[in-house]
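J.: Coordinates only, no sequence provided:
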């Protein structure tokens, strides 16, 4: 965890893509978080839901959005409470805050979208241990205003949602021949391997390689 | 016999890492060197074997009777963090040799999803009994440790391999994990831990 | 005397086929006297001695031309002129076994006058010290590339620590036939040389390692040494590198040599046939060690043969009229020796053979060949025992490729190492890990690189690794 | 001399390609030159100055020689379609490998030829051709992602096959032809495209030996059928056990494969199955049947012995062989998959670096002594 946070801090400066875009602080944070610090493909964080919840595009998207909401909410909360929480107990406190928000999201999903909740299984509660949620809280929200923190978390969450949806699309397309549940190829021979864990590992590995190949630089990390 | 089957199943058919994707981040991050990988593996075995029964007890004797199971996530994570702290302090005090080899990995484990994930799968999803939970905790830890140790040995052998630049490090590790998962598919259907749940 | 019935051998190794241009069974011929000899003032790894002649001096064969004060820390022996004539030059040249050294160049006067050592009446009455002194004065150095002085004032062989004298009478290097021939032709000198060396070491136990493909010598040795209980004759499989000190001692005595150590560290002195003969000639005939036997061999040589050659003879003198095509000249061993570009490089006391190999030749689709004349550790070619000469060129016989971990190098390694890993680690700078895998147990026999189907220069990588480690620790 | 002229030509074109910065093409051209001259023109620049006659071409050529009878037999048994599978495999495999070599500028290695042959021979004769192409593309692609021959942790042919097994399980495991039988069909497959084309849908009614064993209502083929392959439905290369054995013995003779992997694997599988058949004859066949069915012989001689993916130490090879044999039999009996040889080899490959790590032999030397 400590490692992951350091990596995130270290990777912040000198990103060319950010300089070609509008230069407001919030916007910069957002873009950096979506692309250059993309939690899955560049930071290699939060791998469990990345693979566990992406066998269908809709699952990937739902998992991504759930994570996004939890991240934004907890980052904003942490930022709001940053002056109150004593430094010594900040990590446990952050975890409790995150666990609280994740519980809310989980209960919400169970109440209003039960099939989706069943499909995602324990991967929604597992958002608690997605290191980048805690990472954003520790690295950014603990030093910034709630608004900026929410924007920062939104960036990360969008990047995460994007990656998961992308993975889900490919896996569903090859695995079922459909997209968001709609059959695209008729008479498609399903590639079963894309639905089982092995396919997830291989695909994420390839994605990581491709992303790193086409935009080298930045920090590829991998911590807890 | 059931206990033995659960341990075996947790290692082979329901490998916590290769079939349920738990604990991949440290699996990728710490598998670069054999020594640290085996240290991390041992630490996970240790913590998982302890936290699973502890959380089982909390669920069945505190949360369920009080009817506050909606708080379970928060309680689990706090318990895990607390237990890891206790283990760390205990080790530092009484087992300094073990502490020096595992100590640096212990704080990392709190946010290792293998721990919380193991708890959620065993207690919430499959609803295992107490002894079964202990067995699953131990077996899951062993399965995770086995995977990371294999991965470390493989990556040590690939030290000088001309892997494409983009895949070096995490990329190739994920692909290796994919092939490992492919070979573990062979075990599927042998034992299913779900069958032992209530 | 104890005779051991069973054949002894060691793990690994390789039986080489009979290569094209091997002078097997050819009688020793006396090489014509060279017009000029170049005599290095250093033997192998021992210390360089100071010249005691000057340019223009006249010398006789066997006359001392360089010596140091005896110093146990820097072992050396006197160096003798090997022909009679005039010293024309004293200059630094490269030593055929590596490095630079001072050399004395003598122009022959064609007379071949000798200056002998003082000759005692009966060697059997001499004390070890006296024999040692004679051997020292005669410049008898041990064989092998180390080239240490045999006994006297050597820091590596103090007689009281020595328990065994080991006679290396098995020649397993490809192309090296001269010492075997010497054993046949000078059998008396050989046997008496063993006795003299034993006496000089204080009557230690003697173990003779002999190839089992030499049954005649074996029977003669038994006949001659039957009544001595200090002597054991071992019949060994003629597998390369049985003649290496570490392998020979392990096979005969079951003792492991320490890493970076020598035979003397485990109480052994290993001597070759040539040294036994030289010891006899020095002590009984008073002849300094200025002439040795050398095989002139290889696929580029017209008439391979075994010669008695004066030390310091330039290899060009032996080869120039004898080459049938251009080739690569290797001194000593084709497996671990040095290629020599300079035809002026002199024969030294340590060099048993001069080998000229044909250069690699282009072949169309060599993969399609049946390969009756190919030597291989594997059975992929139909190389058969009745083909009497195997092809010997410098060709790699394949393309360099990444290691496929076939394990052949492990199979052949006589030291039970993992050469593929040693090479990989050495080449990639993981020196401490290479050392953990006992890099220094490697005896540099070269077999790993010989058998490697991926044509990885393992020997060179391992040597480089050792060199780097020694540099770092120095 | 023809060969000298040819060599100069090769050198000239290579030089031209490099001058035009077409380095990818230059790499391919170099590969063609290497296959013509076999490295015979390259000289040893360092000791040892003479080298063993075996090079990678001949080393990798030996399994191919062992496979030629199997390939011919597969054409006989299953018609020209099996040749189409083999040729397609080579075309796609080479295309993928050449692309990688040209992009990554590393030499083309001979392992490709073996991989393609072993992969093609381990496929069922009914497999759609596009699946053949996908599988071999995966196999070679994964190998190249690891850095090419010599660095691949997993046997490429087996990983390609495993990919197909997991991606298209029904195509890989349900449809089997009855092969042409020399006793009744004369020239058999040499005259036909596939058994189905002659015998109609009935041809797809046969179970493989393992399939027959696993389903109680199909009679097990007898020993002679298993050995000769006459009337035995199986994958292309493993139909006739005798031919596989012949190839295996040839490879053992050449030392290209190690008996410590192949024979040990076969024997341990046989013993394990024999022993377990006493306990549960419904799930475990007797030893001989276990060895002769399910492609075990083929895999033991040709796949498991792949040097890159099996341990390099002697003790390691023992462990590897025993592990594979036991795993195969246990897996077949305890899980639903008949294809356990494939999984066992993948698992063995996975363990190889670890086994190698712990089986480094102890050198024949005493520790260094302190010098004065």
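T.: That came through, no problem. What you see is a predicted model, and the numbers here were worked out from it, not measured in a lab.
J.: all strands for chain A, in order.
T.: For chain A, the strands defined by DSSP state E occupy A:178-179, A:182-183.
J.: Show me what from chain B comes close to chain D.
T.: B:34, B:149-150, B:153-154, B:156-158, B:161-164, B:167, B:172, B:175-176, B:179-180, B:182-190 (C-beta under 8 Å from any C-beta of the partner chain). The C-beta positions use only the backbone N, C-alpha and C, and glycine is treated the same way.
J.: buried subset of those?
T.: For the residues of chain B next to chain D, a burial check counting by 16 or more other C-beta atoms under 10 Å in any protein chain shown picks out B:34, B:149-150, B:153-154, B:156-158, B:161-164, B:167, B:172, B:175-176, B:179-180, B:182-188, B:190.
J.: From these, which land in helices?
T.: B:34, B:149-150, B:153-154, B:156-157, B:172, B:175-176, B:179-180, B:182-184 (DSSP state H).
J.: Averaging pLDDT per element, find the lowest-scoring helix or strand in chain B.
T.: One helix or strand of chain B scores below all others by mean pLDDT, DSSP states H and E: helix B:106-109, with a mean of 73.
J.: name the helices or strands packed onto that helix?
T.: Judged by 3 or more C-beta pairs under 8 Å, 6 or more residues apart in numbering or on different chains; DSSP states H and E, helix B:106-109 is in contact with helix A:2-10, helix B:34-58, helix B:72-94.
J.: do you know which of those helices lies nearest residue C:424?
T.: Residue C:424 sits nearest to helix B:34-58 of all the helices and strands packed on helix B:106-109, at 16.4 Å, using C-beta to C-beta.
J.: Just the closest of the ones in helices among the buried ones among the residues of chain B next to chain D to residue D:7, please.
T.: Closest to residue D:7, out of all of those and judged by C-beta to C-beta, is residue B:157, at 37.5 Å.
J.: which residues touch that closest one?
T.: Applying C-beta atoms under 8 Å, 6 or more residues apart in numbering or on different chains to residue B:157 gives the contacts D:153, D:353, D:356.
J.: before we move on, what about residue C:211?
T.: C:169, C:170, C:171, C:172, C:235, C:236, C:237, C:238, C:242.
J.: before we move on, what about residue C:382?
T.: Contacts of residue C:382 (C-beta under 8 Å, 6+ apart): C:370, C:371, C:372.
J.: And residue D:102, by the same measure?
T.: Contacts of residue D:102 by C-beta under 8 Å, 6+ apart are D:24, D:25, D:27, D:28.
J.: now swap in residue B:117 and tell me
T.: Residue B:117 neighbours (C-beta under 8 Å, 6+ apart): A:48, A:122, A:126, A:129, B:16, B:20, B:22, B:23.
J.: and if we set it to 7 Å?
T.: By C-beta atoms under 7 Å, 6 or more residues apart in numbering or on different chains, the contact list for residue B:117 reads A:48, A:122, A:126, B:20, B:22.
J.: pLDDT score assigned to the first one?
T.: What the model reports for residue A:48 is a pLDDT of 83.
J.: Kindly report the same for the third one.
T.: Per-residue confidence at residue A:126 stands at 86 (pLDDT).
J.: is it true that it touches residue A:48?
T.: Yes. Residue A:126 is in contact with residue A:48 according to C-beta atoms under 7 Å; the separation is 5.7 Å.
J.: Common neighbours of these two, please.
T.: Joint contacts of residue A:126 and residue A:48 (C-beta under 7 Å, 6+ apart) are B:113, B:117.
J.: chain center to the longest helix along chain A: distance?
T.: When chain A is parsed with DSSP H, its longest helix is helix A:146-176. Relative to its chain's centre, helix A:146-176 lies at 6 Å (C-alpha atoms, centre = their mean, to the nearest Å).
J.: Kindly report the same for stretch C:355-372.
T.: With C-alpha atoms, centre = their mean, you get 28 Å for stretch C:355-372.
J.: and what of stretch D:362-372?
T.: Worked out by C-alpha atoms, centre = their mean, stretch D:362-372 lies 43 Å from the chain centre.
J.: What residues of that stretch count as buried?
T.: D:363, D:364, D:365.
J.: same deal with stretch B:46-61?
T.: For stretch B:46-61, by 16+ other C-beta under 10 Å, it's B:46-56, B:58-59.
J.: does any bit of that stretch sit next to chain A?
T.: No. Using C-beta under 7 Å from any C-beta of the partner chain, stretch B:46-61 stays clear of chain A, with a minimum separation of 12.5 Å.
J.: Same check on stretch D:343-363?
T.: No. Between stretch D:343-363 and chain A, judged by C-beta under 7 Å from any C-beta, nothing touches; the nearest distance is 10.5 Å.
J.: just how off-centre is that stretch within its chain?
T.: Counting by C-alpha atoms, centre = their mean, stretch D:343-363 comes out at 19 Å from the chain centroid.
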